Each structure stands twice: as structure tokens, then as C-alpha cells.
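Build me a model from this:
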Amino acid sequence: MYSNLLDGDLASNHLSWQWVAGTFSNKKYYANQENINRYFDSIQKSTFLDVSYDKFESLGVPDNLTTIQPFLEETELPKLREVQLKRNRLTLIYNYYNIDP
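Take a look at the predicted model:
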């Protein structure tokens, strides 16, 4: 599903997607770099989100976000193959949410 998201931002989609989507909230969503770093365990600095919350209302749109590009995403799916599962045997299914057992 992640490859189909237009914003593709792990910090907002995995950590606070309900607030970002505005579900059951009347409060505007702002994500500054400090908050993203705190909840995504990153240390990014000097991004256009690296401002305090009180400055968001007066910020303009950064130049590099004003250009519109067509979204051309192609997902190559693996070839189908038959899988035989054995009864009474532990089966682990891995995806990018739980790669580390």
C-alpha cells in the first residue's frame, strides 16, 4: 500500500495518520522537524519543516514544492507461484512492517 500513497511520508502515515487525515479532530495538523525527529527516531536538521510551531501560520510554500510533477509510479509485482503450507507447522509472514523477527 505504501507505494500507492501520494505523500509517502512515513512519519505522518505511520505515526499520526489519523490526525493528519483530520479524522475526529478540529485541530489543524502541523508537523515540524523536531516532532518528526522525536517520533520517527531521526536527526534531520535544516529542512523547511525545521521551524517552531508558532511560525507555521506565517510560512509561505517553499519554491521546491510549487512545481507540479505527474505521478508515474510502477510497481513490479513478484511472479505468482504455488506455495504449500504444512499443517501444524509455524509459518512466519514478513513484510516491511515486521522484517525483524
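
can we go C-alpha only for contacts and neighbour counts from here?
Fine.

and the helix ranked longest in the chain, what other elements does it pack with?
Selection of the longest helix in the chain by residue count, based on DSSP state H, yields helix 33-40. When contacts are defined as 3 or more C-alpha pairs under 8 Å, 6 or more residues apart in numbering; DSSP states H and E, helix 33-40 sits against helix 10-15.

if we can go back for a sec, need the contact partners of the longest helix of the chain.
For helix 33-40, contacts defined as C-alpha atoms under 8 Å, 6 or more residues apart in numbering pick out 11, 15, 42, 43, 44, 45, 47, 49, 50, 51.

Rebuild those as JSON lines, extending it with distance to residue 62, pLDDT and neighbour count.
Formatted as JSON lines, those follow (distance: C-alpha to C-alpha, whole Å; pLDDT from 0 to 100; neighbours: other C-alpha atoms under 10 Å):
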{"residue": "11", "distance to residue 62": "20", "pLDDT": "54", "neighbour count": "18"}
{"residue": "15", "distance to residue 62": "24", "pLDDT": "53", "neighbour count": "14"}
{"residue": "42", "distance to residue 62": "22", "pLDDT": "88", "neighbour count": "13"}
{"residue": "43", "distance to residue 62": "21", "pLDDT": "92", "neighbour count": "10"}
{"residue": "44", "distance to residue 62": "17", "pLDDT": "92", "neighbour count": "12"}
{"residue": "45", "distance to residue 62": "16", "pLDDT": "93", "neighbour count": "12"}
{"residue": "47", "distance to residue 62": "10", "pLDDT": "89", "neighbour count": "9"}
{"residue": "49", "distance to residue 62": "10", "pLDDT": "87", "neighbour count": "18"}
{"residue": "50", "distance to residue 62": "12", "pLDDT": "92", "neighbour count": "15"}
{"residue": "51", "distance to residue 62": "13", "pLDDT": "90", "neighbour count": "16"}
